[in-house]
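> Structure, please.
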Amino acid sequence: MKIVKYILPILLFMGVGAWLGKNYWPSTMSSEEESIDSALSISKPVANEHMRTTDSIVYLTDAEQNTINVFESAAPSVCYITTLKNQRRGYYSRDISEIPTGTGSGFVWDNEGHIITNFHVIQGGDKFKVTLADRTSWDATVVGVEPNKDLAVLKIDAPSEQLQPIPIGKSSTLKVGQTVYAIGNPFGLDHSLSTGVISALGREINSIGGRPIRDVIQTDAAINPGNSGGPLLDSGGRLIGVNTMIYSNSGTSAGVGFSIPVDEVNWVVPDLIKYGEVRRPVLGVTLLPVQYAQQWEVNGAMIVNVAPDSGADKAGLKPLEQTRTGEIIFGDIITKVNDVDIKSNDDLYLALEKFAPGDVIKVTFLRNEETKTASVVLGSSARF
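Below is the predicted model:
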């Protein structure tokens, strides 16, 4: 009993001392220990009196949401292309090193691994690498090139599940003022998006092969170095052109951009995949762009230019002319190929697909409202 009598006061004294030490006596912990103890505590942080309340609700307009949707759906189809060139390390050395000589963009054409880009992106290269949106890198081989259209087709052996072909649109129905989107890898950066409008249609630029590319799309969407070969999209996320170059005094996107129309791409690429070159049968003519044909109410395919020494030239077909006073004289308007009616440029292209270079066809056309016919020997699109 005596032991209990002394123990109880001692325990009570120790408990009171511990309580007083925790709440009133100075802490013996180091500043580091105090910071750790503070970090582990679950007490709420003290609010700064200048802190503003944030609005957690995201406000997006319909136009903004559509832009986001276009980018997120198309970006997986866009890839980054690196061009390498073999170079000896020294005059007496047999060692070969790979030197990067250029970069650009491209996009997935199909599930077989075909990649579309500009010819000038791969020009002069010995080896090519394609980096997909998932950051995997693949060695690529050249399937075919068309310098006169500034187009090239590469192929990679990536599994089909890693390939997302880009949706294809039409360029013949485009209107000036339409919203467009350019996706690429400018300056070697990750996917970047720029927006703008179609500034003009039916432009003409010189290709890397020295020949003109007609019916080119002009846009004010920023096309920076590295964007070449990337897609130009409409508001539905469909391919309407391949970005090929910019025109400005500084070499930056301060000027205007140009894109090869998708109708031209969709005409060239299948030949490059099948033959390695373009081998379509052609008359050797340039046709009036669809936009002007509709405006002038042309029922057929009007000729605006005839290539020298072509089948059309030898058959005597005449192009559009403009007098010194500015008067426009219509060119011959093709209305039939053999027995097939021609009401538009597309009708003529489809009719010619049934033939081969060297075939002779009968062309019916209007000249000064008078119906005429001529026999034309088809040439190869590799020449004209």
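> Residue 54: what's it in contact with?
If you count contacts by CB atoms under 8 Å, 6 or more residues apart in numbering, residue 54 has none. Every residue, glycine included, has its C-beta placed from N, CA and C.
> Can you report how many residues lie near residue 85?
Number of residues near residue 85 (other CB atoms under 10 Å) recorded here: 14.
> what are the pairing partners of the helix or strand where it lies, and which direction each?
Secondary structure assigned from DSSP states H and E places residue 85 in strand 78-88. Sheet pairing of strand 78-88 (DSSP bridges) gives strand 96-108 (antiparallel), strand 127-131 (antiparallel).
> and the shortest one, what's its mean pLDDT?
Taken as a whole, strand 127-131 has an average pLDDT of 93.
> And the contacts of that strand?
79-86, 98, 106, 115, 122, 137-142, 154, 156.
> hmm, 7 Å instead?
79-84, 98, 106, 115, 122, 137-140, 154, 156 (CB atoms under 7 Å, 6 or more residues apart in numbering).
> What subset of those residues is buried?
Neighbour counting by 16 or more other CB atoms under 10 Å classes 79-84, 106, 115, 122, 138, 140, 154, 156 among the contacts of strand 127-131 as buried.
> Name the stretch from the strands paired with strand 78-88 where average model confidence is lowest.
Looking at the strands paired with strand 78-88, the bottom one is strand 96-108 with a mean of 71.
> Please identify the helix or strand for residue 365.
With DSSP H and E as criterion, residue 365 is part of strand 360-367.
> Partner strands of the helix or strand following that strand and their direction?
Toward the C-terminus, strand 360-367 is succeeded by strand 370-377 as the next helix or strand (DSSP H and E). Neighbouring strands of strand 370-377 in its sheet, by DSSP bridges, are strand 360-367 (antiparallel).
> residues in contact with the partner strand?
By CB under 7 Å, 6+ apart, strand 360-367 touches 300, 317-318, 332-338, 355, 371-378.
> any idea how far that strand is from the chain center?
38 Å (CA atoms, centre = their mean, to the nearest Å).
> I'd like the C-alpha coordinates of that strand written as CSV, please.
What follows is strand 360-367, C-alpha atoms only, in CSV (Å, rounded to 0.1, in the frame of the first residue of the first chain):
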residue,chain,number,x,y,z
VAL,A,360,-5.4,6.8,-129.5
ILE,A,361,-8.7,8.3,-128.4
LYS,A,362,-11.4,10.4,-130.1
VAL,A,363,-11.9,13.8,-128.4
THR,A,364,-15.1,15.8,-129.0
PHE,A,365,-14.9,19.4,-128.1
LEU,A,366,-16.5,22.8,-128.5
ARG,A,367,-14.7,25.7,-130.2
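> What average pLDDT does it get?
For strand 360-367, the mean per-residue pLDDT is 97.
> List the buried residues of that strand.
361, 363-366.
> Reformat those into a markdown table and put distance to residue 345 next to each item.
As requested, those are exported to a markdown table (distance: CB to CB, whole Å):
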| residue | distance to residue 345 |
| --- | --- |
| 361 | 16 |
| 363 | 14 |
| 364 | 16 |
| 365 | 14 |
| 366 | 15 |
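> What is the nearest of these to residue 62?
residue 366 (46.4 Å; CB to CB).
> And the helices in the stretch 101-250 of the chain?
119-122 (DSSP state H, counting those that start in this stretch).
> What are the boundaries of the strands in it?
114-117, 127-131, 137-146, 151-155, 179-184, 192-206, 212-219, 231-233, 239-247 (DSSP state E, counting those that start in this stretch).
> nearest to residue 55, of the ones you listed?
Residue 55 lies closest to strand 192-206 among those, at 25.3 Å (CB to CB).
> Tell me what angle that closest one forms with strand 212-219.
Going by axes from the mean of the first three to the mean of the last three CA atoms, to 10 degrees, strand 192-206 is angled at 150 degrees with respect to strand 212-219.
> Alpha carbons only: can I get strand 192-206 in PDB?
Extracted as PDB, the C-alpha positions of strand 192-206 are listed here (Å, rounded to 0.1, in the frame of the first residue of the first chain):
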ATOM      1  CA  SER A 192       2.400  21.800 -83.500                       C
ATOM      2  CA  LEU A 193      -0.900  23.200 -84.800                       C
ATOM      3  CA  SER A 194      -1.400  26.400 -86.700                       C
ATOM      4  CA  THR A 195      -4.700  27.700 -88.000                       C
ATOM      5  CA  GLY A 196      -5.700  30.100 -90.800                       C
ATOM      6  CA  VAL A 197      -8.000  30.400 -93.800                       C
ATOM      7  CA  ILE A 198      -7.700  29.600 -97.500                       C
ATOM      8  CA  SER A 199      -6.400  32.900 -98.900                       C
ATOM      9  CA  ALA A 200      -6.600  31.900-102.600                       C
ATOM     10  CA  LEU A 201      -7.100  29.000-104.900                       C
ATOM     11  CA  GLY A 202      -5.600  28.100-108.300                       C
ATOM     12  CA  ARG A 203      -2.200  29.500-107.600                       C
ATOM     13  CA  GLU A 204       0.900  28.300-109.500                       C
ATOM     14  CA  ILE A 205       4.400  27.700-108.000                       C
ATOM     15  CA  ASN A 206       7.600  26.200-109.300                       C
END
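> Tell me the buried residues in it?
Within strand 192-206, the residues scored as buried using 16+ other CB under 10 Å are 192-196, 198-199, 201-203.
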